[in-house]
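[1] Here's my sequence, what's the structure:
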Amino acid sequence: TISAIKGNQVTATIPVGDGPSLPVIAPDGTVYVTNEYDDTVIVINGNHVTATIPVGKDPTWPAVAPDGTVYVTNFGDSTVSVLN
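    Okay, here's the model as predicted:
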């Protein structure tokens, strides 16, 4: 799970998948969480999962470009997934 926190209060606990790592936040507030064990990226808007996107094997280290494009390195198959 990932927890949304405001101040010192947990406002939501959101299930995100198997092996979550390194969430990133886009300029528009969208949160992207990679799941290493099920090879997906979870997209969160507000306190809700809005998409589950399949990517390459063992995704980690997401990055968001200024234009909102998300790049995810897939260590298991030596690729990069591009989400826009």
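
[2] contacts, neighbours, all on C-alpha from now
    OK.

[3] Tell me which residues touch the residue nearest the centre of the chain, please.
    When the chain is reduced to its mean C-alpha position, the closest residue under CA atoms, centre = their mean turns out to be V33, at 1.7 Å. The neighbours of V33, taking CA atoms under 8 Å, 6 or more residues apart in numbering as the test, are 16, 20-24, 41-43, 62.

[4] Then T34?
    Taking CA under 8 Å, 6+ apart as the contact definition, T34 lies against 19-23, 40-42, 59-62, 72.

[5] Please export the C-alpha coordinates of stretch 75-82 as PDB.
    C-alpha atoms of stretch 75-82 as PDB (Å, rounded to 0.1, in the frame of the first residue of the first chain):
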ATOM      1  CA  PHE A  75      15.900  -3.700 -15.000                       C
ATOM      2  CA  GLY A  76      14.700  -7.200 -15.700                       C
ATOM      3  CA  ASP A  77      14.700  -6.800 -19.500                       C
ATOM      4  CA  SER A  78      17.000  -3.700 -20.000                       C
ATOM      5  CA  THR A  79      14.300  -1.500 -21.400                       C
ATOM      6  CA  VAL A  80      12.600   1.800 -20.700                       C
ATOM      7  CA  SER A  81       8.800   2.200 -20.800                       C
ATOM      8  CA  VAL A  82       7.500   5.600 -21.800                       C
END
